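J.: This is the structure alone, sequence omitted:
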């Protein structure tokens, strides 16, 4: 477990180094983008609120504005492969950006971990979820919603947690699957599922008024949910896209991301 | 290859279509014959699923089926369990969503019969229910076949509502369209391709059989 | 004698039908009037097919509708046989299926002797397995009549059964309708706008104008009442009931006796004693003060003037009593003046032509 975390961290920093090395060269070749330039960003559903906050800050930093398309990572991948006109992809995993790079659809050196997702067990009822997540064992709930582990990173993390707790088999009949972590959250927010494994960022969202109760799942119970960004090949020479990626590396951006409930390096 | 989505889908379509017939036929009959002020509002409500995105219906169902929602509460009070994420919930969703596909062809068929054959039957001593079964239904049989097919096929092809209220539980609520979507999301294109091709062939065959039998019915028509 | 009693009101949009009449519950009563006067609607009301109709309706001592006591017998329980204008049949059934449909609901076994008799009567034996779509107009009508009869009705309603037929089919079907009249013991209400049909088939007449009943009564009276429009139409006529008394072989004439005298008409030989109905058009009757011998007119008999009404600018209608039979004559106003026609005057009626109805 720990070695995997370590390796992931190393890889992330390595990517950051690569980008740092690669970026100035290009930045020097291109003039600063015009103030009204736009960057088309494809973003995984869980990160959309954070990205909006980032977009506001980015615009204020004179970087132009973001055109945001949100969907599940799998959908975004399919769209990009089919030639969708995005400049930057903010994935909810590391595998998809890696695949895009491998297929020549993204710039290898630009790939880096912009956020690490934090998994929480959440209920909209106050006091249902205790600070140790014991509710999973005492079992006073009918349905537990998780994102579909076939493809959703948060779903894979949730499955890992349940396996590590030895609960996967006993809880299996009660699990319902959201297409992504957004729908998973919706299942629980509507009261149809008593419990859900969702992203910390979702319940930190200031627009969401119901607090309920939650347990921040300890990092040791699941592999880090590395959310990676990548510059897409078609925007290889797009000054706006390059500036946005640079902004994502900035301390200001990282502070915003952290505030929304993600881990950052 | 896991075939449970296929059986589940067929079962859902069969159950929903049967219910749709039971519910949709009287509604269509009433709509075809009433001069009530409520005709237009009811017609519009029935047609809503045609224009609304499935997500709207899905959203309302998600709220209504919840233990605190009115359908969820009513269902609970008669001893039912949680509706969302259950086969019953999917049936409710499918019935609502496919209702216009059953009601509209039936209504058109009933309207096409006109008053006359029913009057003839009344004069031969047939009461209202008798007339309905021995005159209206046989004369509307092409509309009936169309309604059955559309209802069935539309339920098979339904995605949005099931996606929102199903919780895609394998074997319980993971129907074919959802399974295909999941395979695509998981980049398992091979499986997606196989299931999609299967659905395509199936749909084609259903439509073909319907058109074929419709043509034969038409040939025998007065 | 029992009666059909109707006092019915129906409002449909701007159209208001207020029909009150009473007619004997036997024989054929014609509902007669111009197109669009509400005849068919009235028939629908009597059958119970217009749920919005108010009022009272009874056949003999059976009350079918009484709004005041909230009685409304639904159409399928009124046990009427209905022959629709287009000879409405159930299009998804065969001829046999149509015949059986009403029969089974009347609680009859599928094919009893009555079935066989009716099928034979209507001459539809060869059609039994045919589909409705393949029938000719006349065949349809006969199937529709048979199907209405097999339903075991207490009354037969017929809505212009001849209107949709071509001349040949009409001529073919008329004998069936006449036989209905003589063979059936139940009353028949017969809607028509053709006075020749009515004169031929009806015993009683309910005369309608748009939205209302003008008058009703025995056919003979109704045709000759000068206060009614019938006696003023081009086809104004009188009906005489007569009996065959002989046949003139030499000149091929049938000899008839009626209440006011004798008639001889050019007609094929008929059995002695046959009761016949003849129609005499008002325009075929002329009046004379003397009994002319030297004339081509065969039928001349004395008649007394009952009533005179000026008709069109130049004409008048004269109502005559010929030994108890009533006749109409259309003459010019000038003749009324020159012959000094007044009620009570005795004249000779010269009848140019007589139509044998049946």
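T.: All right, it came through fine. Nothing here was measured: the structure is a model prediction, and the numbers come from that model. Numbers count the residues shown, from 1 in each chain, chains lettered A, B, ... in the order given.
J.: need the contact list for the residue in chain B that chain A sits nearest to.
T.: Nearest residue of chain B to chain A: residue B:167, at 2.9 Å (CB to the nearest CB). Every residue, glycine included, has its C-beta placed from N, CA and C. If you count contacts by CB atoms under 8 Å, 6 or more residues apart in numbering or on different chains, residue B:167 has them with A:143, A:145, A:176, A:177, A:178, A:187, A:192, A:193, B:84, B:85, B:173.
J.: Closest one of these to residue A:257?
T.: Nearest to residue A:257 among these is residue A:178, at 23.0 Å by CB to CB.
J.: Would you agree that closest one is in contact with residue A:184?
T.: Yes: Residue A:178 is within contact range of residue A:184, at 3.2 Å (criterion: CB atoms under 8 Å).
J.: what about those two, which has more around it?
T.: In terms of neighbours (other CB atoms under 10 Å in any protein chain shown), residue A:184 is the more surrounded of residue A:178 and residue A:184; the figures are 31 against 28.
J.: right, is the helix or strand hosting residue B:19 up against chain A?
T.: Assigned by DSSP states H and E, residue B:19 belongs to helix B:4-33. No: interface with chain A: helix B:4-33 contributes nothing (CB under 8 Å from any CB of the partner chain), its closest point being 13.0 Å away.
J.: so who does the most centrally placed residue in chain A touch?
T.: Centroid check for chain A by CA atoms, centre = their mean gives residue A:92 as the closest residue, at 3.8 Å. Counting by CB under 8 Å, 6+ apart, residue A:92 touches A:44-47, A:72-73, A:117, A:152-154, A:180-181, A:225, A:227.
J.: Let me have these in TSV, extended by neighbour count.
T.: Output for the contacts of residue A:92, formatted as TSV (neighbours: other CB atoms under 10 Å in any protein chain shown):
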residue	neighbour count
A:44	31
A:45	24
A:46	33
A:47	27
A:72	25
A:73	26
A:117	26
A:152	33
A:153	30
A:154	33
A:180	26
A:181	33
A:225	26
A:227	27
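J.: Among the residues you listed, which lie within helices?
T.: Using DSSP state H, the subset of the contacts of residue A:92 located in helices is A:73, A:153, A:154, A:181.
J.: and the residue nearest to the centre of chain A, what element?
T.: Secondary-structure assignment from DSSP H and E places residue A:92 in no helical or strand segment.
J.: what bits of chain A have low per-residue confidence?
T.: Counting by pLDDT under 70, chain A has low-confidence residues at A:1-36, A:206-210.
J.: and the closest residue to chain A within the stretch 251-358 of chain C, how many neighbours does it have?
T.: For the stretch 251-358 of chain C, the residue closest to chain A is residue C:358, as judged by CB to the nearest CB, at 82.3 Å. Other residues within reach of residue C:358, judged by other CB under 10 Å, total 17.
J.: I'd say it and residue C:276 touch.
T.: Yes: taking contacts as CB under 8 Å, residue C:358 lies within contact range of residue C:276: 6.4 Å.
J.: Strands of the stretch 51-200 of chain A, residue ranges please.
T.: A:65-71, A:88-90, A:112-117, A:119-123, A:144-147, A:175-178, A:195-199 (DSSP state E, counting those that start in this stretch).
J.: Which residue, neighbours along the chain excluded, lies closest to residue A:194?
T.: The spatially closest residue to residue A:194, leaving aside those adjacent along the chain, is residue A:141, at 3.3 Å (CB to CB, 6 or more residues apart in numbering or on different chains).
J.: Please apply the same query to residue C:183.
T.: Closest residue to residue C:183 apart from its sequence neighbours, by CB to CB, 6+ apart: residue C:121 at 7.8 Å.
J.: same check, this time on residue A:261
T.: Leaving out its chain neighbours, the residue that sits closest to residue A:261 by CB to CB, 6+ apart is residue A:200, at 3.6 Å.
J.: And residue A:135, by the same measure?
T.: Counting by CB to CB, 6+ apart, the residue nearest residue A:135 is residue A:129, at 5.3 Å.
J.: Counting neighbours, what do you get for the one you found?
T.: Per other CB under 10 Å, the neighbour tally for residue A:129 reads 24.
J.: show me what contacts it?
T.: With CB under 8 Å, 6+ apart, residue A:129 has these contacts: A:121, A:122, A:123, A:135, A:195, A:212, A:213, A:214, A:215.
J.: Grab the longest helix from chain B for me.
T.: helix B:189-220.
J.: what's the domain layout of the chain?
T.: Let's take chain A. For chain A, the structural domains run A:2-116+A:224-259, A:119-216, going by automatic domain parsing.
J.: that's the other chain; I wanted chain C
T.: According to automatic domain parsing, chain C comprises the domains C:3-232, C:237-356.
J.: okay, those, which one's buried deepest?
T.: Greatest average neighbour count among those goes to domain C:3-232 (a mean of 19), per mean count of other CB atoms under 10 Å in any protein chain shown.
J.: Show me the helices in chain B, by range?
T.: All helices of chain B, identified by DSSP H, fall at B:4-33, B:39-51, B:54-65, B:70-77, B:87-113, B:116-123, B:128-131, B:137-139, B:141-156, B:160-166, B:176-185, B:189-220.
J.: Ramachandran coordinates for residue C:161?
T.: Here is the backbone geometry of residue C:161 (degrees, to the nearest 10): phi -60, psi -20.
J.: Does it touch residue C:86 like I think?
T.: No: distance between residue C:161 and residue C:86: 9.7 Å, which falls outside the contact criterion (CB under 8 Å).
J.: What separation do you get for the nearest residue to the residue nearest to the centre of chain A once chain neighbours are set aside and residue B:90?
T.: In space, residue A:92 comes closest to residue A:44 once its chain neighbours are excluded; the distance is 3.4 Å by CB to CB, 6+ apart. Residue A:44 is 28 Å from residue B:90, where distance means CB to CB, to the nearest Å.
J.: For residue 121, give me its contacts.
T.: All of this refers to chain A. Residue A:121 neighbours (CB under 8 Å, 6+ apart): A:129, A:133, A:135, A:136, A:195, A:196, A:197, A:214, A:215, A:217.
J.: Can you look at chain C instead?
T.: For residue C:121, the contacting residues are C:146, C:179, C:183, by CB under 8 Å, 6+ apart.
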